[in-house]
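Build me a structure from this.
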Amino acid sequence: MAALLRDAINPNLVQTLEGTPAVMHGGPFANIAHGCNSVRATRLALKLADYCITEAGFGSDLGAEKFMDIKCRMAGLAPDCVVVVATVRALKYNGGVPKTELSAENVEALEKGIVNLKAHVENMHKFGVPVVVAINRFGTDTDRELEVIDRCCKELDVSYALSEVFAKGGEGGMDLAQTVCNVIEKCQDSESHFAPIYPDEAPVEEKIQAVAKNIYGADGVIFTNQAAKSLKEIKVLGGDKMPVCIAKTQYSLSDDPMLLGRPRGFSITIRDLKLSAGAGFVVAYAGDIMTMPGLPKVPAAEKIDVDQQSVIHGLF
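Sure, this is the predicted structure:
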């Protein structure tokens, strides 16, 4: 714990192999926590550059929703643009293709699974922020498959660009960077319409319903007896007006990891809730999800220590 906490209060300014600055501070998994870096890190980054990009973990139904509804609300931030990252492979998976067959061209499956991308883009527009789609290009993506992406983005009236950073380094991200800058500059003079999905004063259960219906596409929310009991306790403790952080599977827009694409006709089940008073939000547990990331039989922490001179050992 000493190794973890010694410098934990300070954001860590690092650089990529090509010298691009990046601020590292926090970043818990968005399927079980808020899924983005700290307010302190973002405010620091905003002072260091003309453009600041915050990564929000997992899908827009998790990381981006929590970034908007929790972090931006509590920090008074208003994003200028949202970049939704997708891959042809992931969209084919949402179209029913097994993971072992994702490298083969399958336009039919892509056209079926692309409803997932449409859902994420439409959800982000609900926050009143312009959207850019970034397609992380794989070597196995074909021209016919990329044409499907092109048609989809035109139907959604959103700008998009291919990102080939993995293969080409910074040069492979130039088109995407320019596209994002163009969209921001185009909207710069217009009044910002950013707003969270739910108001501060809404009760916790209404906030959960707002996220479930507007972002997940659920018909409604089912609260178990344990969840109802926890709700009463949270209200007594004064947590009713806090934002909600829903712990949910990252594999589906629903709380069932097997429901791919854009599920319809389902409900979200909240089995319990917990007040995270220090963090400033209420955690709602949706479905069967483990809230602690899996660890190996011998965790790396067992080799980490701090000596009498405050030097950390065992990190590498």
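
wait, isn't Val306 in contact with Leu4?
No. Taking CB atoms under 8 Å as the definition, Val306 is not a contact partner of Leu4, at 9.8 Å. Backbone N, C-alpha and C define where each C-beta goes, glycine included.

so which strand or helix has Lys66?
For Lys66, the host element (DSSP states H and E) is helix 65-66.

got the contact list for that helix?
Contact with helix 65-66 is made by 30, 34-36, 56, 123, 197, 211, 215, 245, as judged by CB atoms under 8 Å, 6 or more residues apart in numbering.

and Ala300, how many residues sit next to it?
Counted by other CB atoms under 10 Å, the residues lying close to Ala300 total 11.

contacting residues around it?
Contacts of Ala300 by CB under 8 Å, 6+ apart are Gly314.

now it: how far from Ile32?
Distance from Ala300 to Ile32, counting by CB to CB, to the nearest Å: 20 Å.

what ranges do the helices span in the stretch 101-250 of the chain?
107-113, 115-125, 143-156, 165-168, 174-187, 204-211, 225-236 (DSSP state H, counting those that start in this stretch).

list the buried ones in the third one?
Okay, so that is helix 143-156. 145, 148-149, 152-153, 156 (16 or more other CB atoms under 10 Å).

Equivalent analysis for the fourth one, please.
Across helix 165-168, burial judged by 16+ other CB under 10 Å covers Val165.

so where's the protein uncertain?
Low-confidence segments of the chain (pLDDT under 70): 189, 191-192, 293.

Direction included, what does the longest strand seen in it pair up with?
Looking across the chain with DSSP state E, the single longest strand is strand 267-276. Next to strand 267-276 in the sheet, as set by DSSP bridges, lie strand 220-223 (parallel), strand 281-286 (antiparallel).

now what about that strand, what contacts it?
Contacts of strand 267-276 (CB under 8 Å, 6+ apart): 204, 208, 212, 216, 218-224, 226-227, 230-231, 233-234, 237, 239, 242, 245, 248, 254-255, 282-287.

hmm, which of those are the buried ones?
204, 208, 212, 216, 218, 221, 223, 227, 230-231, 234, 239, 242, 245, 248, 254-255, 282-287.

check contacts around the residue most central in space within the chain.
Computing the C-alpha centroid of the chain and ranking residues by CA atoms, centre = their mean puts Gly63 first, at 2.1 Å. Contacts for Gly63 (CB under 8 Å, 6+ apart) come out as 30, 35-36, 55-57.

ok, so of these, who is nearest Val23?
Using CB to CB, Glu55 comes nearest to Val23 of those, at 10.8 Å.

what's the burial count for that closest one?
If you count neighbours by other CB under 10 Å, Glu55 ends up with 14.

State the distance from it to Gly63.
On the measure of CB to CB, Glu55 and Gly63 end up 8 Å apart.

Give me the common contacts of the two.
What both Glu55 and Gly63 touch, as defined by CB under 8 Å, 6+ apart, is the set Cys36.

quick one: the strands in the stretch 1-150 of the chain?
Assigned by DSSP state E, counting those that start in this stretch, the strands in the stretch 1-150 of the chain fall at 12-15, 21-24, 82-86, 131-136.

would you list those in a markdown table and tack on distance to Phe316 and mean neighbour count?
Converted to a markdown table, the strands of the stretch 1-150 of the chain look like this (distance: least, CB to CB, whole Å; neighbours: other CB atoms under 10 Å):
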| stretch | distance to Phe316 | mean neighbour count |
| --- | --- | --- |
| strand 12-15 | 15 | 11 |
| strand 21-24 | 16 | 14 |
| strand 82-86 | 29 | 21 |
| strand 131-136 | 28 | 22 |
